[in-house]
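K.L.:
build me a model from this:
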Amino acid sequence: MKPHLVIIGLGNPGKEHARTRHNIGFRAVELLSSEFGQGEWKDQQKYLCRMQEARIVTVPVLLVQPSTYMNRSGECIRKLIEFYKLNPRQQILVICDDIDLPLGEMRLRMKGGPGTHNGLRSIVVILGEEFPRLRVGIGANVSGADLAAWVLSVPSVEEQQILENTMKTLPAKVKEFVMEKTKE
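P.N.:
Sure, this is the predicted structure:
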């Protein structure tokens, strides 16, 4: 299948990272999988990822979780763009966490810099800043605390509830994005 859109959720591989703040992107594509996925997830070493075919209304989509660590996410995306001959401005959507957004807030941007996010930085180095990204706020770390330790920590029960409520709205937001893209 030639996808019309590739949705990449950023995260770190391994069970030890599964519930961390930094793996919001992985959880997002898993949620999209349960809503729109078709078939099974497949390991694709050729593209450095796991992927699953999906269909959002009539639009063929690939759901992707890079198998590299966060700071090398761009390698996977480069391979997918080259193989499928995708236009990053029109045919990818990156979903990731953001410490600069309040906990549970979502923000869709069509372009922009990476901020302090190493996964986005890896992608920007390869693609430039013009690609859509949906950022999910994980809240700022405690003043003076180590940023890496913060994003790799598991949210509290209260924080998890806020994030779960946000994630419930994610499939509708992504569907809206996809339908807008098909009009262009």
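K.L.:
C-alpha from now on. contacts and neighbour counts both.
P.N.:
Will do.
K.L.:
settle this for me: Asn23 is touching Ile8, isn't it.
P.N.:
No - with contacts defined as C-alpha atoms under 8 Å, Asn23 does not count as touching Ile8, sitting 11.9 Å away.
K.L.:
what ranges does the protein have for its strands?
P.N.:
Remark: strands assigned in the chain by DSSP state E are 5-9, 37-44, 49-56, 59-66, 92-98, 106-109, 133-137.
K.L.:
ok, the first one: who's next to it in the sheet?
P.N.:
So that's strand 5-9. Paired strands of strand 5-9, with direction, are strand 59-66 (parallel), strand 92-98 (parallel) (DSSP bridges).
K.L.:
what residues sit buried inside that strand?
P.N.:
Leu5, Val6, Ile7, Ile8, Gly9 (16 or more other C-alpha atoms under 10 Å).
K.L.:
please apply the same query to stretch 79-97.
P.N.:
Residues of stretch 79-97 classed as buried by neighbour count (16+ other C-alpha under 10 Å): Leu80, Ile81, Leu86, Pro88, Gln90, Gln91, Ile92, Leu93, Val94, Ile95, Cys96, Asp97.
K.L.:
what's the most distant pair in these?
P.N.:
Leu86 and Asp97 (23.8 Å; C-alpha to C-alpha).
K.L.:
let me see the mean pLDDT of the lengthiest helix in the chain.
P.N.:
In the chain, with assignment by DSSP state H, the single longest helix is helix 157-183. Mean pLDDT, helix 157-183: 92.
K.L.:
got the angle between it and strand 49-56?
P.N.:
60 degrees (axes from the mean of the first three to the mean of the last three C-alpha atoms, to 10 degrees).
K.L.:
and helix 157-183, what does it pack against?
P.N.:
Counting contacts by 3 or more C-alpha pairs under 8 Å, 6 or more residues apart in numbering; DSSP states H and E, helix 157-183 is packed against helix 24-36.
K.L.:
contacts for the helix it packs on?
P.N.:
Helix 24-36 is contacted from outside by 7-11, 52, 54-56, 63-65, 94-97, 136, 167, 170-171, using C-alpha atoms under 8 Å, 6 or more residues apart in numbering.
K.L.:
quick one: least confident helix or strand in the chain?
P.N.:
Among the helices and strands of the chain, helix 147-151 carries the lowest confidence by mean pLDDT, DSSP states H and E, at a mean of 85.
K.L.:
where does pLDDT dip in this protein?
P.N.:
Within the chain, the set of residues satisfying pLDDT under 70 comprises 144, 184.
K.L.:
how about the strands paired with strand 5-9, which one is nearest Asp43?
P.N.:
Going by C-alpha to C-alpha, the one of the strands paired with strand 5-9 nearest Asp43 is strand 59-66, 9.5 Å.
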